[in-house]
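J.: Quick one, what's the 3D model for this:
(one chain, ligands or ions: 2)
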Amino acid sequence: MNEVQDKIVGPNYRLLLSEQQIRARIIEMAAEISGLYRHDVPILIGVLNGAFIFLADLIRYINIDCEIDFLRISSYGDQKGSSGHIKVLKPLSADIRGRHVVVVEDIIDSGLSAKFLIKMLSAFEPASLRLAAFLQKKSGHDPDIRIDFVGFKIGKKYVVGYGLDEEQKKRNLRAVYVVEHLQSTIN
Ligand code: IMP
Ligand code: MG
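T.: Ligands and ions are numbered 1, 2, ... in the order given. Below you'll find the model as predicted:
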C-alpha cells in the first residue's frame, strides 16, 4: 500500500484487489468494449457516486470514440443494506434514444439498483443497452439481470475503495479492501 493512504486503512481493512490487479482487469474490459462497439460511438453512463473512478479509468483504455454521462440514484443512504426504495437524485442529461448505451455500475449486490436502471433507461428506447459492473457480489442477485461486463466476482463482504464507500468515505482508496467489521446485510 502506498504511504499516502496508510493512515486511512486501519487493521479492519483487508486488501482484496490491488491497484495492479484492478488495472490489468480494466484494460481487458476496455478491450472487450472497444471491440464490441468498434462500429459505433457508445455512451457510457456512470452511476454516481460509486462508479466515477471505474468509469474514469475504463474510458482511458477504450480506444474507440465514446461519450459519457452520469446519473445518480439512491437506495442505500448511509446504511449497509438495500432498502429497495430507489429514487433518481440526478437524471440523465444525454438523449439516449437510438444510442448504444453501457450502464457503468460500481458493484451489483442484490441487483435491485441495476434492475431499476435498466427498466428506466429502456423507456428511452436506446439501440442497445448493456450493463458493466466493476464488482459483482455472489449474493444470488436477481436472475433477470444480465451483467454483460464484470470486473471481478467477489464474496458477500462489504468492500470499500476505488470509488466504493463506507458512509461516504474511503472512496479515494486506490485498491479494494474488505471491511472486516461490517457484514453485507443482504442474504
Ligand atoms: P444492489 O441494488 O443491492 O445491487 O446494490 C447496489 C449498490 O449498493 C451499489 O451500486 C453500491 O452503491 C452499494 N453497495 C452494495 N454493496 C456495497 C459494498 O460492499 N460496498 C459499497 N457499496 C456497496
Ligand atoms: Mg451504486
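J.: Which strands or helices does the strand or helix carrying residue 35 pack on?
T.: Taking DSSP states H and E as the definition, residue 35 sits inside helix 19-36. Taking 3 or more C-beta pairs under 8 Å, 6 or more residues apart in numbering; DSSP states H and E as the contact definition, the neighbouring helices and strands of helix 19-36 are helix 52-59, strand 149-154. Backbone N, C-alpha and C define where each C-beta goes, glycine included.
J.: Which residue would be the closest one in the protein to ligand 2?
T.: Nearest to ligand 2 in the chain, going by C-beta to the ion, is residue 50, at a distance of 3.9 Å.
J.: re earlier: would you mind putting the helices and strands packed on helix 19-36 into JSON lines with mean pLDDT alongside?
T.: Output for the helices and strands packed on helix 19-36, formatted as JSON lines (pLDDT from 0 to 100):
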{"stretch": "helix 52-59", "mean pLDDT": "98"}
{"stretch": "strand 149-154", "mean pLDDT": "98"}
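J.: so which of those is the most packed in?
T.: Per-stretch averages of neighbours, counted by mean count of other C-beta atoms under 10 Å, single out helix 52-59 among the helices and strands packed on helix 19-36, with a mean of 20.
J.: With just CA atoms, put that helix into PDB.
T.: Extracted in PDB, the C-alpha atoms of helix 52-59 (Å, rounded to 0.1, in the frame of the first residue of the first chain):
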ATOM      1  CA  PHE A  52     -16.900   7.600 -11.000                       C
ATOM      2  CA  ILE A  53     -13.400   6.100 -10.600                       C
ATOM      3  CA  PHE A  54     -14.100   2.900 -12.600                       C
ATOM      4  CA  LEU A  55     -15.600   4.900 -15.400                       C
ATOM      5  CA  ALA A  56     -12.800   7.300 -15.500                       C
ATOM      6  CA  ASP A  57     -10.200   4.500 -15.700                       C
ATOM      7  CA  LEU A  58     -12.200   2.400 -18.100                       C
ATOM      8  CA  ILE A  59     -12.700   5.100 -20.700                       C
END
